[in-house]
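Enquirer: My questions concern the predicted model and sequence given below.
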Amino acid sequence: MKILLVEDDRTIALGLEYSLKQEGYEPLLCHNAASAIEVINHKMDDIDLCIFDLNLPDGSGYDLCQLVKKRQDIPVIFLTAYDDEVNVVMGLDMGADDYITKPFRIRELISRIKSVLRRSNRHTQPKDKIEIGNILISLLEGKVYKNGKEIVLTALEYRLFLIFANHIGQVLTRAQLLDRIWDVGGDFVNDNTLTVYIKRLREKLEDDPHNPTMIQTVRGMGYKVGE
């Protein structure tokens, strides 16, 4: 999940960038409007949510919001040092989905992000399949195919692979994977069991399980699935 974060205060920006990464997001950090516009013009299709500081050295978060909304209807959250009604209403009228007033607790911002994303997803057409290279996940059937041939997965293997597939290109720590499996299935899975299931997925899905290219190990961090 990629977030375009635009904040000119470098201390605040670095703290937010670190916290977002800890939550499993992939922040793209800009310190001014000019660099943010470059991202919007060339990488907008990769962005899932935007967080804009209202007051920037070379522009305004309002302008960035208008530019984003013209290109694509993705959520925008404003960071503002002003808590007056005029600024809040102006931002919401321009299409912003939420705002948060500085100073704020990082947990509050994360909660706002999750809430905005949930509201946004209600209006998104659900996917019925996910393709990763020669692998096809049919979400309607709950089945996985490799080169058109069904690969039989256990329920837990399927859930684990679906977690990877929904976070393509994003590094997931072992703790994050364990939490997500627990949340989805209600089953107890310990660290050693997770290792076994990842090994089984590689044996079933990789062309060369000993040199995996799909479910990649990121040393010291966790795992990720490449496109």
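Expert: Alright, I've got the coordinates.

Enquirer: Just the strands from the chain, written as ranges.
Expert: Secondary structure of the chain by DSSP state E: the strands cover 2-6, 26-30, 49-53, 55-56, 59-60, 76-80, 98-101, 129-132, 135-138, 143-146, 149-151, 215-218, 222-225.

Enquirer: Relative to Gln170, how far out is Lys224?
Expert: Distance from Lys224 to Gln170, counting by Cβ to Cβ, to the nearest Å: 6 Å. Bear in mind the C-beta positions are built from the backbone N, C-alpha and C, glycine included.

Enquirer: quick one, domains of this protein?
Expert: 2-121, 129-225 (automatic domain parsing).

Enquirer: How far away from the center of its chain is the longest one?
Expert: When distances are taken as Cα atoms, centre = their mean, to the nearest Å, domain 2-121 is centred 14 Å away from the chain's centroid.

Enquirer: Deepest-packed of the strands of the chain, please.
Expert: Among those, strand 49-53 has the highest mean neighbour count (mean count of other Cβ atoms under 10 Å), at a mean of 25.

Enquirer: Mind listing the strands that strand pairs with, and their directions?
Expert: strand 2-6 (parallel), strand 76-80 (parallel) (DSSP bridges).

Enquirer: Next, the angle strand 26-30 makes with it.
Expert: 30 degrees (axes from the mean of the first three to the mean of the last three Cα atoms, to 10 degrees).

Enquirer: For strand 49-53, which outside residues touch it?
Expert: For strand 49-53, the surrounding residues in contact (Cβ atoms under 8 Å, 6 or more residues apart in numbering) are 1-9, 16, 36, 61, 64-65, 68, 74-80, 109, 113, 116-117, 120.

Enquirer: okay if I get the domains of the chain as JSON lines plus mean pLDDT?
Expert: Output for the domains of the chain, formatted as JSON lines (pLDDT from 0 to 100):
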{"stretch": "domain 2-121", "mean pLDDT": "87"}
{"stretch": "domain 129-225", "mean pLDDT": "86"}
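
Enquirer: Deepest in the core, which of those is it.
Expert: domain 2-121 (a mean of 16).
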